[in-house]
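Enquirer: Provide a 3D model corresponding to the input given below.
(4 chains)
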2 protein chains.
Amino acid sequence: MSKNKKVTSYDVAREAGVSQSAVSRVFRPGLSVSQKTREKVMATANKMGYRPNAIARMLITKQSGMVAVIVSSRANENYPEVLSQVSKQLAARNKRVLLFTLDDADGVDDLFEQIWTFQVDGVIALAAHFESQRLAQFEQHKVPVVLYNRNVPDASTNTVCCNHEHGIKQLLAELKLNNPQSYLVLSGPTDSDVANERREITLDLLEKMGEKNVHVLYGDYTYQSGRDCLAQWLKKHSAPDAVVCSNDTMAIGVIDEIRENHNIHIPNDMSVVGFDGIASSFWQSYQITTIKQPVEQLVKAAVDMLLEHIENSDSPPEARVLTGTLIKGNSVKRP
Amino acid sequence: MSKNKKVTSYDVAREAGVSQSAVSRVFRPGLSVSQKTREKVMATANKMGYRPNAIARMLITKQSGMVAVIVSSRANENYPEVLSQVSKQLAARNKRVLLFTLDDADGVDDLFEQIWTFQVDGVIALAAHFESQRLAQFEQHKVPVVLYNRNVPDASTNTVCCNHEHGIKQLLAELKLNNPQSYLVLSGPTDSDVANERREITLDLLEKMGEKNVHVLYGDYTYQSGRDCLAQWLKKHSAPDAVVCSNDTMAIGVIDEIRENHNIHIPNDMSVVGFDGIASSFWQSYQITTIKQPVEQLVKAAVDMLLEHIENSDSPPEARVLTGTLIKGNSVKRP
DNA sequence: TCATTTATTGCATTCGAAGTCATTATTACG
DNA sequence: CGTAATAATGACTTCGAATGCAATAAATGA
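Expert: Alright, predicted model coming up:
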């Protein structure tokens, strides 16, 4: 029945007839306390409903035990799974998630203010785009950061990423089995680094394959944009043999648009591939041929890396690239 | 170029030739500081890269500015949207989100420990089940809490919820247009309060409508469980005329199962309804008749309520019930 | 049993900003 | 110009737990 004010370590100490230090030591693991006082303190602490105040602890230890997780609105549909994994895996390492959602570029200034003032131990950014000068700030403030799902060429930042080139190569090989004569590349928004990377890799590979008949359209990763792009295209052009989408959601949109408004059969008349391996890409009605990102391993890599840098502030930046798995769905004809 | 240690208000004060109090005042809005010192302090602060330490502030003000958001694994597919809304709306009210994911009942003890130690200003629980004795703890610790998407009968807790009864009534009325002879109710998991509520309401209403041929199956809110339940059922029984699913994801599973393995046409031979109005329920290939939850308004209600209780600790508990909108899709035949 | 090592304990200080209060600088006004 | 009212400022204390250090108790060995 705690009346009105919070119970502090002093209150417990007084009640248990020990010093405040003793109480503190009982609640810190691995410190020298006799069995007798430990029990005595624990008993009174429980009785009084005492819980150590993490804020005070943070102030003195200079470790907040919190990791800022930044979710950009450009993160695609697999972000809920990623976020849930991040939370779980950080919890297992005794870190809490301070969540920030980033809507537009405007919010970045404020976001960074928050990050510095909240003294987070580290930062994980999901698919967010930061200028390199922003990234430099992390170093200045000595806050370790890991970029999830982003490749930074200059290699001075910690990144975890799925191997886009390898994945897209596999997808294109799968498409090539049917020897398509025309390609439509459905890119994500140009303000998404991942989208740009996927598009450029796709175009490069297609060029290397000697494909001439390649066109690019720009969506925004959403279902509707997948539909709209395809509808738009078919108004003026004939159907492409293969559609390469930068993510599964747009691929689903493409499939639905074709189904509703056009007399084209997938995969017989047209092939569609996606990327990510989100849950709905496996649904019976779609069964998209795609690359499934190894989310759990990616997150594990990100968390491991972040904690390494938190514990060891001078470990060098690192880029980990994991390989996704090709899912042979039913949106590409199998000869 | 901050060398190694963090810049504190004292450092800025010394550099700017003022007292620490002055620096503090500059960074607190609405306090009496002359234009001259304000500028002087701001200048040196910027030069030195000073940011107020939120941890220290929390300690003295006894306000962490953080709200714990608990996401239960039982939260269904619309939780990413909810979470994103929560984060946005709390940010607008100058609160940060400390995210906790709750996997199983085991984690609850630990979760509550964390909540108390981190001195959060309030808690929003998404679709989580807590024993009433747990809820009492919030009161003891004087931490305001709002349960999202949960109805608690005893009314001593703040809750925000979609009007299940009204919604389900509309869905059943929609089904009734085809005068179905048999109903299959596909419930969510029994350890989810929302699932139980939706199921019981459904059964009550069906009984009041005088329907005799009603059967219940239990899934776990997932796509696969929707498929499995229906497959299982059809092995031994004939197809029901109407399937009432506790959420959209299972409804999608039901539709896909029918499409793949059975010669039954939806909606001509069988009607299916869902609940939630998740994005994929609108997709062309499904177009489920469902109730769309007013997520933004629900979250706004939750956030408003929480902040009201944070600012005014003796305001009485409140239950807000918002009404969802019936989406007339294509999974129920329209006479 | 006594000296010596080792395990416990308490005191006092620290973390960094905020707020109280008394003091000083400004302004307003008769 | 003097006085009252107001604004601005700084010294000092506070929040609650952690920790270095010194003091004390327990354990070990001779």
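
Enquirer: Around chain B, which positions in the stretch 51-200 of chain A sit nearby?
Expert: Counting by CB under 8 Å from any CB of the partner chain, the residues of the stretch 51-200 of chain A close to chain B are A:51-56, A:58-59, A:64, A:66, A:69, A:71, A:79-80, A:83-84, A:87-88, A:91, A:96-101, A:103, A:113-114, A:116-119, A:140-141. Any C-beta I mention is one placed from the backbone N, CA and C, and that applies to glycine too.

Enquirer: So which of those residues would count as near DNA strand D as well?
Expert: A:51-53, A:56, A:59 (CB under 7 Å from any atom of the strand).

Enquirer: now, among those, which is nearest to chain B?
Expert: Ranked by distance to chain B (CB to the nearest CB), those are led by residue A:51 at 4.2 Å.

Enquirer: mind listing which of the ones next to DNA strand D among the residues of the stretch 51-200 of chain A next to chain B are in helices?
Expert: Among these, DSSP state H puts A:56, A:59 in helices.

Enquirer: wait, residue A:78 sits on residue A:276?
Expert: Yes: counting by CB atoms under 8 Å, residue A:276 is a contact partner of residue A:78 at 5.0 Å.

Enquirer: Looking at the two, which one has more neighbours?
Expert: Neighbours per residue (other CB atoms under 10 Å in any protein chain shown) separate residue A:78 from residue A:276, with residue A:276 holding more: 27 against 23.

Enquirer: Around chain B, which positions in the stretch 201-335 of chain A sit nearby?
Expert: So far as CB under 8 Å from any CB goes, the stretch 201-335 of chain A lies against chain B at A:223, A:227, A:252, A:255-257, A:259-260, A:279-280, A:283-286.

Enquirer: distance between the ends of stretch A:219-228?
Expert: End-to-end distance for stretch A:219-228, by CA to CA, to the nearest Å: 8 Å.

Enquirer: can you check stretch A:18-34 too?
Expert: 12 Å.

Enquirer: so after the host helix or strand of residue A:202, what's the next helix or strand?
Expert: Element membership for residue A:202, per DSSP states H and E: helix A:193-208. The helix or strand immediately downstream of helix A:193-208 is strand A:214-218, counting by DSSP H and E.

Enquirer: Check which strands are paired with that following strand and give the direction for each one.
Expert: strand A:183-187 (parallel) (DSSP bridges).

Enquirer: quick one: the strands in the stretch 151-300 of chain A?
Expert: Secondary structure of the stretch 151-300 of chain A (DSSP state E, counting those that start in this stretch): strands located at A:158-162, A:183-187, A:214-218, A:242-245, A:271-273, A:290-292.

Enquirer: Redo those as TSV? Include distance to residue B:108, mean pLDDT and mean neighbour count.
Expert: Below are the strands of the stretch 151-300 of chain A laid out as TSV (distance: least, CB to CB, whole Å; pLDDT from 0 to 100; neighbours: other CB atoms under 10 Å in any protein chain shown):
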stretch	distance to residue B:108	mean pLDDT	mean neighbour count
strand A:158-162	31	93	24
strand A:183-187	44	97	25
strand A:214-218	46	96	15
strand A:242-245	41	97	30
strand A:271-273	43	97	27
strand A:290-292	32	97	25
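
Enquirer: want to try a markdown table for those, with distance to residue B:181 as columns?
Expert: Listed next are the strands of the stretch 151-300 of chain A as a markdown table, based on distance: least, CB to CB, whole Å:
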| stretch | distance to residue B:181 |
| --- | --- |
| strand A:158-162 | 51 |
| strand A:183-187 | 46 |
| strand A:214-218 | 49 |
| strand A:242-245 | 43 |
| strand A:271-273 | 40 |
| strand A:290-292 | 41 |
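
Enquirer: and chain A, which residues reach DNA strand C?
Expert: A:17-22, A:25, A:32-37, A:56, A:59-60, A:62.

Enquirer: now those: which count as buried?
Expert: By neighbour count, with 16 or more other CB atoms under 10 Å in any protein chain shown, the residues of chain A next to DNA strand C hold A:18, A:22, A:25, A:33, A:37, A:56, A:59 as buried.

Enquirer: moving C-terminal of the helix or strand hosting the second one, what's the next helix or strand?
Expert: Same thing as residue A:22. Secondary structure from DSSP H and E places residue A:22 in helix A:20-27. As assigned by DSSP H and E, the chain's next helix or strand after helix A:20-27 is helix A:35-48.

Enquirer: and the angle for that following helix with helix A:20-27?
Expert: On the basis of axes from the mean of the first three to the mean of the last three CA atoms, to 10 degrees, helix A:35-48 is oriented at 90 degrees to helix A:20-27.

Enquirer: Close to DNA strand D: what parts of the stretch 51-200 of chain A are there?
Expert: The stretch 51-200 of chain A comes close to DNA strand D at residues A:51-53, A:56-57, A:59-61, as judged by CB under 7 Å from any atom of the strand.

Enquirer: By pLDDT, rank the buried ones among the residues of chain A next to DNA strand C and give me the bottom one.
Expert: The lowest pLDDT within these belongs to residue A:33, which sits at 82.
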